[in-house]
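S.K.: Output the structure for:
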Amino acid sequence: MNDQDDVPYFGAPPEPEHYRPVRRTAPQRPPKRRILRSIVYSLLILLLVMLLLSPPVLNMITNNFPIYERVFPEKASFTVERRIVLSGTADYTIDLPKITDVLPAQRVTEIRYSPTPTESPLKYGKTWDVWRGSLGTFNREDIISIRVSMETETLVWEMERSGGTADIPQDLVAQYTGDEWVLQEDDTNLIPPTDDRDGDGRVDVMIEPSAPQISNLAQQLADDKPDVYSKAKAIYEYIISHFTYSTEQQMTYVKSEYGGLPKHTLATLRDGWGDCDEQAMLYISLLRTLGIPARLELGALYNVNENRWGGHAWALIYIPPEDGTSGNYWYNVDVVNSEFLIRDAYRFTTWIDDGNGTHLSDYYKTITYQDGFLQRDDEYISISFTQSGRVTVKTEQSMPGFEFALSIIAPTVAVILWRKRSG
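M.R.: Presented below is the predicted three-dimensional model:
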């Protein structure tokens, strides 16, 4: 290496006047290779369009971005297993309502237990499955499995107006518009036991339409609305725009500070956040204070993107028809998933609130134990899931023709990229 090699190179020397660059052309690919490349790119474009328009991808896009249409399967067929694993030294009791049909949305085709329930008594007008056992030694582990196969379908109710509160049957008003589940000290596993978990000096009430804060807010939101539908819609819109779903950190806080049970209605109103049953109970309380029957419905919800089930809760509300006819006019509202008058095929029901706080608290006490120590793991496991058909629901801010636009844009972008690459 000479001394000039150590000098940094900052540019090319000037070209001689007589210099003319020699243009080189790339060797032409044989015709067969060009044809093969065209076929491959065509197939890739076709696969891209099919992928973008497939139900799972459309569901993921439209359900995660509310400015677009919501897409649900018309029907679903699945098998799901609820697996409860217990370990420790305690004597335990597992008490669960038997999963049954909820027509026309839910049909149970098969239930298999392992082991068979110890007993299946009739309680609160419904069959419950009960397992009793004793772990005995610390290293013992008991596993209870409930495998259910069922068929579900999406229901969407469309209306613009309804009857008024005067059109609601009085027996429903008496059963489903009062306070429900006044907390007892032994309802939770807090030590020491307490019925005032947040220390505000008053007993916690899970559904509390009588609270002045609830009544005042409901009147502000819906007092000027002419019918039950309009009142229910106004309160729904307020909750979905003013409340957020609990973060993992907030859920951990609730679990430790509230003894394994949901927050009560006033705590959710105060915090501005809550999980599914907490926001549902707030919505129910706001409707009840206006004299609108509302109930809590509990079960599980399927996450199609993760192939995973999780416990879930939503509201069931009564809206009388505009013509004043009597009937079973109950409709689903899921505030945390922004589904108003919709019951999608991704869910199933295990229990519907009957307006009795003792019965509702009993549902939440799935596993009880005494004389020892108990650890528990309770989860849903997806065994199979198939869906068919499609139901498209426009949201308040829907973009018309989103799927058609996507079917045009996707191949256009793919062709442009192909031409740019090949050109």
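
S.K.: What strand or helix carries P226?
M.R.: Counting by DSSP states H and E, no helix or strand carries P226.

S.K.: Alpha carbons only: can I get stretch 158-171 in PDB?
M.R.: This file holds the C-alpha atoms of stretch 158-171, laid out as PDB (Å, rounded to 0.1, in the frame of the first residue of the first chain):
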ATOM      1  CA  GLU A 158     -83.000  -3.500  14.600                       C
ATOM      2  CA  MET A 159     -85.300  -0.800  15.900                       C
ATOM      3  CA  GLU A 160     -85.600   3.000  16.000                       C
ATOM      4  CA  ARG A 161     -88.200   3.400  18.700                       C
ATOM      5  CA  SER A 162     -90.100   1.400  21.200                       C
ATOM      6  CA  GLY A 163     -92.800   1.600  23.900                       C
ATOM      7  CA  GLY A 164     -92.400   3.700  27.000                       C
ATOM      8  CA  THR A 165     -91.700   2.600  30.600                       C
ATOM      9  CA  ALA A 166     -95.500   2.600  31.100                       C
ATOM     10  CA  ASP A 167     -95.700  -0.300  28.700                       C
ATOM     11  CA  ILE A 168     -93.400  -2.600  30.800                       C
ATOM     12  CA  PRO A 169     -95.200  -5.300  32.700                       C
ATOM     13  CA  GLN A 170     -95.300  -4.500  36.400                       C
ATOM     14  CA  ASP A 171     -94.100  -8.000  37.400                       C
END
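
S.K.: Show me the contact partners of stretch 270-285.
M.R.: 206-209, 211, 214, 235-236, 239, 242-247, 250-251, 254, 262-265, 267-269, 294-296, 298, 312-315, 317, 333-336 (CB atoms under 8 Å, 6 or more residues apart in numbering). Just so you know, the C-beta spots here come from the backbone N, C-alpha and C atoms, and that holds for glycine as well.

S.K.: switch to 6 Å and redo it
M.R.: Contact with stretch 270-285 is made by 206-209, 214, 239, 243-244, 246, 262-263, 265, 268-269, 294, 296, 312-315, 335-336, as judged by CB atoms under 6 Å, 6 or more residues apart in numbering.

S.K.: And for stretch 79-94?
M.R.: Contacts for stretch 79-94 (CB under 6 Å, 6+ apart): 131-135, 138, 141-149, 309, 367-384.

S.K.: same question, stretch 327-337
M.R.: 157, 236, 239-240, 245, 276, 279, 283, 314-320, 340-341, 343.

S.K.: rewinding a little: please flag which of the contacts of stretch 79-94 sit within helices.
M.R.: Secondary structure assignment by DSSP state H places none of the contacts of stretch 79-94 in helices.

S.K.: Which members of those are classed as buried?
M.R.: Buried by 16 or more other CB atoms under 10 Å: 131, 133, 135, 142, 144, 146-149, 309, 367, 369, 374, 380, out of the contacts of stretch 79-94.

S.K.: shaky segments in the stretch 51-200 of the chain?
M.R.: 51-68, 138 (pLDDT under 70).

S.K.: Contacts only, for Q106.
M.R.: T152, F348, T349.

S.K.: And these, which is closest to T177?
M.R.: Of all those, T349 has the smallest distance to T177: 21.8 Å, by CB to CB.

S.K.: Among the contacts of stretch 327-337, which lie within strands?
M.R.: Residues of the contacts of stretch 327-337 located in strands (DSSP state E): Y245, W314, A315, L316, I317, Y318, F340, R343.

S.K.: residues near the third one, how many?
M.R.: What that stands for is A315. Residues lying near A315 (other CB atoms under 10 Å) number 24.

S.K.: and the closest residue to N307 other than its chain neighbours, what are its bridge partners?
M.R.: Spatial nearest neighbour of N307, chain neighbours left out: S382 (5.3 Å); criterion: CB to CB, 6 or more residues apart in numbering. Per DSSP bridges, the residues bridged to S382 are V80.

S.K.: Pretty sure S382 sits against E306.
M.R.: No: the criterion here is CB atoms under 6 Å, and S382 misses it with E306 at 9.2 Å.

S.K.: Widest-spaced pair of the ones in strands among the contacts of stretch 327-337?
M.R.: Y245 and Y318 (25.9 Å).

S.K.: Whichever strand or helix holds Q213 - what's its average pLDDT?
M.R.: Element membership for Q213 (DSSP H and E) is helix 212-222. What helix 212-222 shows for mean pLDDT is 97.

S.K.: Run through who's touching that helix.
M.R.: K231, A234, I235, Y238, S285, L286, T289, L290.

S.K.: Now do the closest residue to the last one other than its chain neighbours against G163, distance only.
M.R.: Leaving aside its chain neighbours, L290 sits nearest to A218 (5.3 Å; criterion: CB to CB, 6+ apart). Counting by CB to CB, to the nearest Å, the gap from A218 to G163 is 19 Å.

S.K.: And L298, by the same measure?
M.R.: Counting by CB to CB, the gap from L298 to G163 is 28 Å.

S.K.: was I right about T386 contacting S77?
M.R.: Yes: the pair T386 and S77 passes the contact test of CB under 6 Å, sitting 5.2 Å apart.

S.K.: between these two, who's got more neighbours?
M.R.: Comparing T386 with S77 by other CB under 10 Å, the one with more neighbours is S77, at 18 against 10.

S.K.: Can you give me the distance of the nearest residue to T244 once chain neighbours are set aside to L282?
M.R.: Among residues not flanking T244 along the chain, W273 sits closest, at 4.7 Å (CB to CB, 6+ apart). W273 sits 11 Å away from L282, going by CB to CB.
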